[in-house]
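1. Quick one: sequence plus predicted model below, questions after.
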Amino acid sequence: MNDDDLRAAFARPELERIDIERLRRDIDAEVIRRRKRRSTMLTSGLAGLIALVIGVPTAVWLGVGLERNIGPTSQRVADGVTPARPLNLLLLGIDSYESGRSDTIMIVHVPASGTRVDLISIERDVVTDVPGHGSEKINSAYQYGGVDLATKTVENLTGVPLDGAVVVRLAAVEKITDSVGGVRICLEHQVTSIHTGRVYPTGCQTIDGAAAADLLRQRRDQPLGAYDRDRNAQRFLAALAAKVTTLNLITDFEKINKLTRIDGLTVNLVGVTLPQLYLRLKDSKAKDIVGIGAPEFQTVIKDGQPSEGLPKDSAQLFADIRADTVDAFVTTHPSWVTVIRV
């Protein structure tokens, strides 16, 4: 029974013949359905935001708001039981202006200890087996089969089981950045945009949403091309994390409301629930984010032509992700670590 049915029923003169108990059940069912729909939308938006600024105390603020505002059909934060294992999420950045391929591919590794968050970049042009499509650049997996195929491709390449995926489009990056009042990012190399001509100098600077979206597209003038763009994406996430921690989101429900209604941000958690993710991240801070990316290119031959392969020591990195010993890899491979200042 929908709204029109209810209005029509009350408008009829034979109201006394209506089955009141049935009407009450129908009304209750409609209330539950609408509450569930609102709760699902809110939870999805918050999950995406938490995953985007992974490892931030924002998870605490949004977790409190989540527990207070979600309906009874959703699992409460306090009921979550965190798995006694590391958590791994796939983060995909999509350039909406181009082909729909994933320009940014990261594994977000949250150790079982919850003491740090590792952002591990996989360069978009690495050639690997894309199930059903043969040997292709890894960024084509999303174009061919969306988040499911991208997840399967990364799992096959790395051997790392993924607990979910977050897809972020540049339009969402722009809106989120503006919603928090801009972010302060610190760059190791000057970046000149081939799209707008804007120059982002070496050092720290505050950028708004349009600048953030512009900066995250740039690779042409960087010493290591897309490798350096990936490192700047890691720096941006850390900068966003640091900015959000300065906001009093626990009382600013208007800002929370805006953030959770941003288009272009989707999340699919399959191996972990939002409350479990919250509990694992609640003690993390922006300074606990560690960016990891290859320091060099590796050339392979594909169809008689040179192509990009996984850099040396990638197998060891993937093994350390699986073993939850990424800290050991960082210690022995300092050139892989992104300089992040927050």
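-> Received, thanks.
2. Tell me what Ser307 is bridged to.
-> With DSSP bridges as the criterion, Ser307 is bridged to Val300.
3. how close does it sit to Arg184?
-> According to C-beta to C-beta, to the nearest Å, Ser307 and Arg184 sit 38 Å apart. From N, CA and C alone the C-beta is placed, and that goes for glycine too.
4. can you check Pro295 too?
-> Distance of Pro295 to Arg184, given as C-beta to C-beta: 26 Å.
5. repeat for Asn268
-> Asn268 sits 31 Å away from Arg184, going by C-beta to C-beta.
6. next SSE after the lowest-mean-pLDDT helix or strand in the chain?
-> Scoring the helices and strands of the chain by mean pLDDT, DSSP states H and E places helix 58-69 at the bottom, with a mean of 34. Using DSSP states H and E, the helix or strand that follows helix 58-69 in sequence is strand 87-94.
7. Low-confidence stretches in the stretch 201-342 of the chain?
-> Where the stretch 201-342 of the chain drops to pLDDT under 70, the residues are 247-262, 274-275, 278, 282-283, 301-306.
8. residue boundaries of the strands in it?
-> With strands called from DSSP state E, counting those that start in this stretch, the stretch 201-342 of the chain shows them at 203-207, 265-269, 289-292, 299-302, 305-308.
9. Find the nearest non-adjacent residue to Asp288, please.
-> Using C-beta to C-beta, 6 or more residues apart in numbering and skipping the chain neighbours, the partner closest in space to Asp288 is Arg116 (4.6 Å).
10. again but with Ala172, I slipped
-> Among residues not flanking Ala172 along the chain, Gly264 sits closest, at 3.4 Å (C-beta to C-beta, 6+ apart).
11. Of the strands of the stretch 201-342 of the chain, flag the one that's most buried.
-> strand 289-292 (a mean of 23; mean count of other C-beta atoms under 10 Å).
12. tell me what that one is packed against?
-> Secondary-structure packing of strand 289-292 (3 or more C-beta pairs under 8 Å, 6 or more residues apart in numbering; DSSP states H and E): strand 117-121, helix 226-244, helix 326-332.
13. Extract the C-alpha set from the longest one and format it as CSV.
-> The reference is to helix 226-244. Taking C-alpha atoms only, helix 226-244 is exported to CSV below (Å, rounded to 0.1, in the frame of the first residue of the first chain):
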residue,chain,number,x,y,z
ALA,A,226,52.3,8.4,-13.3
TYR,A,227,54.4,7.0,-10.5
ASP,A,228,54.8,10.5,-9.1
ARG,A,229,51.1,11.2,-9.7
ASP,A,230,50.3,8.2,-7.6
ARG,A,231,52.5,9.6,-4.8
ASN,A,232,50.8,13.0,-5.0
ALA,A,233,47.5,11.1,-4.7
GLN,A,234,48.8,9.6,-1.5
ARG,A,235,49.9,13.0,-0.3
PHE,A,236,46.4,14.4,-1.1
LEU,A,237,44.7,11.7,1.0
ALA,A,238,47.0,12.4,3.9
ALA,A,239,46.3,16.1,3.5
LEU,A,240,42.6,15.5,3.4
ALA,A,241,42.8,13.3,6.5
ALA,A,242,44.7,16.0,8.4
LYS,A,243,42.2,18.7,7.4
VAL,A,244,39.2,16.7,8.4
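14. and that helix with strand 117-121, angle?
-> 150 degrees (axes from the mean of the first three to the mean of the last three C-alpha atoms, to 10 degrees).
15. For helix 226-244, name the packing helices and strands.
-> On the basis of 3+ C-beta pairs under 8 Å, 6+ apart, helix 226-244 makes packing contacts with strand 102-110, strand 117-121, helix 170-179, strand 183-187, helix 209-215, strand 289-292.
16. Show me what counts as buried in the host helix or strand of Thr151.
-> Thr151 is located in helix 140-158, with elements delineated by DSSP H and E. Buried positions in helix 140-158, judged by neighbour count with 16 or more other C-beta atoms under 10 Å: 140-145, 147, 149-154, 157-158.
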